[in-house]
Structure formats: structure tokens, C-alpha cells
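K.L.:
My questions are about this predicted structure, shown below with the sequence.
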Amino acid sequence: MKDQRLQAYYQLIESLLNSPHGEEPEILAANTELLDIGFVQVLAAVADNFQQQGEEKIANWLRNFDTFLSQEFSPITEDDIPNYQEFLLDILQATADSNGDPQVIYPLLAANSDKLDQMFAEILQSWAINTLAAEPDIATSIAAVIGNFSNLIQQFPLGSKANNIEIAITGYEITLTVYTPNALPEAWATTQTNLGNAYNDRIVGDRAENLENAIAAYTAALSVYTHNAFLQAWATTQNNLGNAYLYRINGDRAENLENAITAYNAALSVYSYNAFDEQWATTQSNLGNAYLYRINGDRAENLENAIAVYTDALQILTRKSFPVKWATTQNSLGTAYLHRINGDRGENLENAIAAYTAALEILTPDAFPEDWAMTQNNLGTAYNDRIMGEYSQNMEKAIAAYNAALEVYTRNAFPEQWEMTQNNLGNAYLFGIDLSLNL
């Protein structure tokens, strides 16, 4: 994603947010060249930002915008329904014949990406209800095919991610009408875990509600996935449950973080460095995030724990083998050093700068605009507080980093981050002016 196009996405979102009600179609019609998967991804990121600020109505409006776009520019008529039904039967048959082989299914999905929308989900649901009722003897086989297809569509990299997840959720919920914890406990638990993952990644709908559904699904799965009977599946689900609690919006924040830490530590009782190196490292990094934001306990000790587990994770999450995980862990490690209480302040800030700079090797504005902006802002703060080096040069680097962050953090798209970064930038300029006067 080029900088110019990224800026165009944000400008379009700003226009939509500031437009009078009812003028959105006219604005979209004038910017059809921007209505692609990149725009949907940026739209989702902006919606998450508004959610974090408590702007539920704006967030929900933005999250449902992808569906609105497909309906506005590609309206579906009754004449289209037979084509959807034919495609549904073809893709389910191909899933059954190939045993869910992505090399067979993904080309079919790519060739029919125009049909991967809410209408497809509704037709899948209607067909499944009728077929399962008419063919009870083969209900389990039908459910298995729908479950496999749901896994494939959830991971399908093309088309609308929002629509793909909605279709997957529909499929999992259909499957769970056949799979029960008594008759097919393992298949039921696996489907619950997959459903939890889909709700955790869901773009449309209320974010808080989606996370509650994810927690409920993971908790249900753990009623079957016990430590003794399904050791690895139990650990995977515990890690996923930890992620849901880490970002949970409802409930007490401190309690949610404690639940996340408990779940991550449970997973780590199975994930060992030698036997499950990647899972171990990923869970260590997740645990570090929980310690970084932990409210209970001693703040200095929590930060030491965060630094320790991030450092451990980076033994496995190397730049070469896991570049994105390496970069995000470096960014988190930088934040832990930035706020570290123990140790030498100057050395901590140098470690923070080194970690943020490393992260920016991977977190580029084209590929990861929001993460890039966040890291630039963090880097600016580290330079602003830096003790070592020449003061004026540190201020110049801080100003440059804050200005870079503001390329993404615009007032309308990310108002809270924009205000924070503008304040940081103002302080950097002020300190620079004070220094020049003293000289």
C-alpha cells in the first residue's frame, strides 16, 4: 500500500465521517477507484480506534460499511439467487471431493469472489437448514463438509475479509446444530474453537459483543479440551482465551488482565521451548503484553516480567524466521523499556530506541500503517526523553518521528492518537525553543 493511496483512504474516510447523512453514496460514487480490499482494511482499523475511544455508534457504522458498499455498488436481485445456489453446491461438492484442499478450493473462491457476501451466507444457512432436516442420516457428513469449508473461507486471503468471516461464522453455527458435546465431543470442541477465532477476528458488529462470543466459545471448547485428554488443543485454546481476555472491553480491566495471565501461563505449562518453540514464543510475547498493561501487583515488577518474557520470545521469533512477530515483539519490548522503573534510565531509553528502530524495519507505512504510526510516536517519545547524545539532535529526531506518525494519525480517523501525538510534537518544539533561548 503506497503512502499516497493510504492517505487517499484516510481522506475518503474523513469525508464520509464529516458528510451530512444521506450523502455517503454520492461521495463513494466519486471515489470508486479507492473501494478495494485496502480501503476495507483501513476502514476496519479506524473502526477499532473509535471502539477503543467508546464511540460505539461510529465504530459500528464503519464496520458495517463493507456490507453497505457491496449492496450499493453491486445490488443483488432475485435473478442472481440461482447463481449463488449453484456456486454453493459446487464449492461444497469440491470441498467434499478434495477433503478441503486449499489448492482446489481457493481458485474456485477467487473466480467467484463477487458471490462471497452476506447473500451467500444467507443462502448457505437456508440450504443447510432444509437439507439437514430432509437428510438426517447424512447430517454429520454434511456438517463436516460445511465445517471444512468454513475453515477455508475464514483463512481465504482474497476478497472481503469481513464477508469471509461472516460466512465462516454462519458455517460454524450450522455445524454446531449437528455436532453436540455428547455425541461428537471432539468435533464440537474444535468447531467451538474455530468459532471463537472467527468472533475474535470479526470486523462487523459490536467489538465488545464479538469478544464476549469468542470467550464463550473458547470456554465451551475447554469443557471438552481438558488438560489430560487433549493436551495440545487445551493449550492452544488457553492461549486464544488469553488473547480474548487481553483485549476484552466489558468487565473489570484488572480482572480481565489477570484472566489473560492465568490463561497464558496455563498454555505455557504445555508449550515448552524444545517441543513447541513457535507456540512457546508467541505465548511468551502475549504474556508480556498482559504484564505490560497489568494493573494489579507492583508496577516495576510487572515491567521486569514483561521485559523478561519478550526477551525470551525473541530467542525464537527472529527477524529472519518470523519477521512480523519479531517486529511487534520488538515494539512491545521498546515500550516496556520506555516505562521501565528499575535500572539506569539512560540505558533503558537507549534500549527502547534500539527496539523501536528495529521494529520499523518491518512495520512499514505501506504494509502496517497503524503499527508504523504507533511505533513512530513511541520512538519520538523515547528521543524526547533521551538522556544520552546531543539534546538538539534528540529533539529533531523526536519531531521527525511525531510528524511521521501524523501522516497516519489524522484528526478524523484517529482523533485520540492525533491529539496525543500533536501534544507530544508541541512539547518537542517547545523544549527545542527553550534550549535555543538558553543558548
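P.N.:
Nice, thanks for sending it over.
K.L.:
the bottom helix or strand of the chain by mean pLDDT?
P.N.:
The weakest-scoring helix or strand in the chain, judged by mean pLDDT, DSSP states H and E, is helix 65-73 (a mean of 56).
K.L.:
For burial, what's the neighbour tally of Leu16?
P.N.:
18 (other Cβ atoms under 10 Å). Heads up, the C-betas are built off the backbone N, CA and C, glycines and all.
K.L.:
Find the helix or strand that it is a member of.
P.N.:
Using DSSP states H and E, the element containing Leu16 is helix 3-18.
K.L.:
after the least confident helix or strand of the chain comes which helix or strand?
P.N.:
Counting by DSSP H and E, the element after helix 65-73 in chain order, helix or strand, is helix 81-98.
K.L.:
Against which helices or strands is that next one packed?
P.N.:
helix 102-111, helix 118-134, helix 139-155 (3 or more Cβ pairs under 8 Å, 6 or more residues apart in numbering; DSSP states H and E).
K.L.:
what angle separates the last one from helix 118-134?
P.N.:
When axes from the mean of the first three to the mean of the last three Cα atoms, to 10 degrees is applied, the directions of helix 139-155 and helix 118-134 differ by 170 degrees.
K.L.:
Repeat that for the shortest one.
P.N.:
Angular relation of helix 102-111 and helix 118-134 on a 0 to 180 degree scale: 130 degrees, by the same axes, to 10 degrees.
K.L.:
And helix 102-111, what's buried?
P.N.:
For helix 102-111, burial by neighbour count (16 or more other Cβ atoms under 10 Å) applies to 105-106, 109.
K.L.:
just stretch 278-298 next, same as before
P.N.:
So stretch 278-298, judged by 16+ other Cβ under 10 Å, has buried residues 279-294.
K.L.:
circling back to that earlier point, report the buried residues of the helix holding Leu16.
P.N.:
Here helix 3-18 shows 6, 8-10, 12-13, 15-17 as buried, counting by 16+ other Cβ under 10 Å.
K.L.:
Would you state the helices of the stretch 201-350 of the chain in chain order?
P.N.:
207-222, 231-246, 253-268, 277-293, 299-313, 323-338, 345-359 (DSSP state H, counting those that start in this stretch).
K.L.:
and those helices as JSON lines, adding mean pLDDT and distance to Asn151?
P.N.:
Output for the helices of the stretch 201-350 of the chain, formatted as JSON lines (pLDDT from 0 to 100; distance: least, Cβ to Cβ, whole Å):
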{"stretch": "helix 207-222", "mean pLDDT": "96", "distance to Asn151": "15"}
{"stretch": "helix 231-246", "mean pLDDT": "96", "distance to Asn151": "14"}
{"stretch": "helix 253-268", "mean pLDDT": "98", "distance to Asn151": "21"}
{"stretch": "helix 277-293", "mean pLDDT": "97", "distance to Asn151": "19"}
{"stretch": "helix 299-313", "mean pLDDT": "98", "distance to Asn151": "27"}
{"stretch": "helix 323-338", "mean pLDDT": "97", "distance to Asn151": "22"}
{"stretch": "helix 345-359", "mean pLDDT": "97", "distance to Asn151": "31"}
